[in-house]
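K.L.:
Here's my sequence, what's the structure:
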Amino acid sequence: MSAKNLPLTGIRVIDYSHFLAGPFMGRCLAALGAEVIKVERPREGDAGRAHGYFKDGQSGYFLQQNMGKQGLCIDLRDKRGLELMLKLADTADVFIENYRPGALNRLGLGYEALSARNPRLVYCSVSAYGHTGPYADRPGFGLIAEAMSGAMAQLGNPGEVPPLLRMPLADMYTGIHGVAAINAALLGRTSSGRGQHIDLALYDCMVSMHDYAVQRYFLSGGTDLPKQTGSTQPDSTVYGVFPAKDGNLVIAAQVDDAWRRLALLIGGEALARDERFIRPASRNAHYAEAAELVRTWTLSQPSRDACLAALEEAGVPAAPVQTIDEVVKDPQIRARGMLVEQTHPVLGKVTLPNLPFRFSDCDTTVRTPAPLLGQDNQRIAAALGYTAAEIAAMAVDGVLYSEPERGPER
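P.N.:
All right, here's what the predicted structure looks like:
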């Protein structure tokens, strides 16, 4: 399938963000065909470059979230650097930033300033709490939003300190909301002729993710709070994690038909007819007993694979709790192209997780690795009208900064 006909071809994006939510947003837009220019500060660059896993001085964290972008590294404290950034913003369709609200206003790079110069600009801000409200000035990371949202309070065993989510839900969920909102704003611009400011908060996005906790609270008159329930879900029996002799597996038999099939497998007709478990409400009322029956069965089988084979044969949805080495070897992941190989100028061949976009007429797999710091300085500045002498002077003065090129360490 061709990389041609990508839906955002012709759209220019400035990604002036760091760490995760903003860079992920830019990565997605690049995969969809946009020209994404990653703007970074001299020497340190995006703070994500200092985040592991490291190999030969390169951050895998940065490589994953910045693939397919061009690299521009400028010192905005120098008026020449700021002027270059403003010229670039004049040519852009989208501007992404994730600084604390108001920080870019002081540089003259806030929405009002850039929109006055380029009314068609779609400007997307990401912050911990948003640009309004009593917490707007507070700093934050994804972990803060995950804790504040009520999501973490539901995790773990009763009475224990909640575990970390270990997957950056707040950042990634906010990032993909940004992709959707930016595309909607670009579509709306075709009729209005104007861009607009998108104000995304990690906290808002996490709260919006609740599937039942918030409505449950209000529908119960504020008396019913989701609690820590460990590896099972008492409101959706049987839906949880169960141990086998050589690993763990999940079973999703919370609907009547699936429960009946599971009951026939693990307890025969007598269990399938047991009134305690016939309907969802009765199963939930006896969830601990149901979970113990399932746990006893899984531990009685020769292995995790034996459990899964029997469950598949019975038509009960189930899956292994896989480790990462099992995931990357999974033939389904391979068949879906969920791993992308790129050739990096320092690391050589690198393998990273792909995005899940699948289009019928184009291939969104990004083959270009994340840029070295300032990798495209000269070309971008020249395209904006700067002469070779002006570019050279800015490089000498450190206004344009480039990471020294080097090969893999031996």
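
K.L.:
Touching, residue 37 and residue 12? I think so.
P.N.:
Yes. If you go by Cβ atoms under 8 Å, residue 37 and residue 12 touch, sitting 7.2 Å apart. (C-beta placed from N, C-alpha, C; glycine too.)

K.L.:
which residues are common contacts for those two?
P.N.:
Contact with both residue 37 and residue 12 is made by residues residue 92, according to Cβ atoms under 8 Å, 6 or more residues apart in numbering.

K.L.:
neighbour count winner among these two?
P.N.:
It is residue 37, of residue 37 and residue 12, that has more neighbours when counted by other Cβ atoms under 10 Å, with 22 against 16.

K.L.:
so where does that one fall, helix or strand?
P.N.:
Assigned by DSSP states H and E, residue 37 falls within strand 35-40.

K.L.:
Which strands and helices lie in contact with that strand?
P.N.:
In terms of contact count using 3 or more Cβ pairs under 8 Å, 6 or more residues apart in numbering; DSSP states H and E, strand 35-40 is assigned the packing partners strand 12-16, helix 21-31, strand 70-73, helix 79-90.

K.L.:
what comes up buried for stretch 214-221?
P.N.:
The neighbour-count check on stretch 214-221 (16 or more other Cβ atoms under 10 Å) flags residue 217 as buried.

K.L.:
For that stretch, the averaged confidence score.
P.N.:
Per-residue pLDDT over stretch 214-221 has a mean of 95.

K.L.:
same check, this time on stretch 297-315
P.N.:
98.

K.L.:
What residues sit buried inside it?
P.N.:
297-298, 301, 304, 307-308, 310-311, 314.

K.L.:
and if you look at stretch 381-400?
P.N.:
Residues of stretch 381-400 classed as buried: 381, 386, 390-391, 394-395, 399-400 (neighbour count, 16+ other Cβ under 10 Å).

K.L.:
Touching it from outside, list them.
P.N.:
The contact list for stretch 381-400 (Cβ under 8 Å, 6+ apart) reads 42, 73-75, 78, 80-81, 84, 87-88, 91, 374, 377-378, 401-402.

K.L.:
Now the buried members of those.
P.N.:
Buried residues within the contacts of stretch 381-400, counting neighbours by 16+ other Cβ under 10 Å: 42, 73-75, 78, 80-81, 84, 88, 374, 377-378, 401-402.

K.L.:
Turn those residues into a markdown table, including pLDDT and distance to residue 62.
P.N.:
Below are the buried ones among the contacts of stretch 381-400 laid out as a markdown table (pLDDT from 0 to 100; distance: Cβ to Cβ, whole Å):
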| residue | pLDDT | distance to residue 62 |
| --- | --- | --- |
| 42 | 95 | 16 |
| 73 | 98 | 13 |
| 74 | 97 | 18 |
| 75 | 97 | 20 |
| 78 | 97 | 24 |
| 80 | 97 | 26 |
| 81 | 97 | 22 |
| 84 | 98 | 23 |
| 88 | 98 | 21 |
| 374 | 96 | 14 |
| 377 | 98 | 18 |
| 378 | 97 | 22 |
| 401 | 96 | 16 |
| 402 | 94 | 16 |
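
K.L.:
Tell me the one of the buried residues of stretch 381-400 nearest residue 293?
P.N.:
Set against residue 293, the nearest of these by Cβ to Cβ is residue 400 (67.2 Å).

K.L.:
mind exporting the longest helix along the chain as CSV, just the C-alpha atoms?
P.N.:
What stands out as the longest helix in the chain, according to DSSP state H, is helix 169-192. Presented in CSV, the C-alpha positions along helix 169-192 are these (Å, rounded to 0.1, in the frame of the first residue of the first chain):
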residue,chain,number,x,y,z
LEU,A,169,-3.1,6.7,30.0
ALA,A,170,-3.6,10.4,30.8
ASP,A,171,-1.0,11.5,28.3
MET,A,172,-1.9,9.2,25.5
TYR,A,173,-5.6,9.6,25.9
THR,A,174,-5.1,13.4,25.9
GLY,A,175,-2.9,13.2,22.9
ILE,A,176,-5.3,11.2,20.8
HIS,A,177,-8.1,13.6,21.8
GLY,A,178,-5.9,16.4,20.5
VAL,A,179,-5.5,14.6,17.2
ALA,A,180,-9.3,14.3,16.9
ALA,A,181,-9.9,18.0,17.9
ILE,A,182,-7.2,19.3,15.6
ASN,A,183,-8.6,17.4,12.6
ALA,A,184,-12.1,18.7,13.4
ALA,A,185,-10.8,22.3,13.7
LEU,A,186,-9.0,21.9,10.3
LEU,A,187,-12.3,20.6,8.8
GLY,A,188,-14.2,23.5,10.4
ARG,A,189,-11.7,25.9,9.0
THR,A,190,-12.7,25.0,5.4
SER,A,191,-16.0,26.8,6.0
SER,A,192,-15.2,29.4,8.6
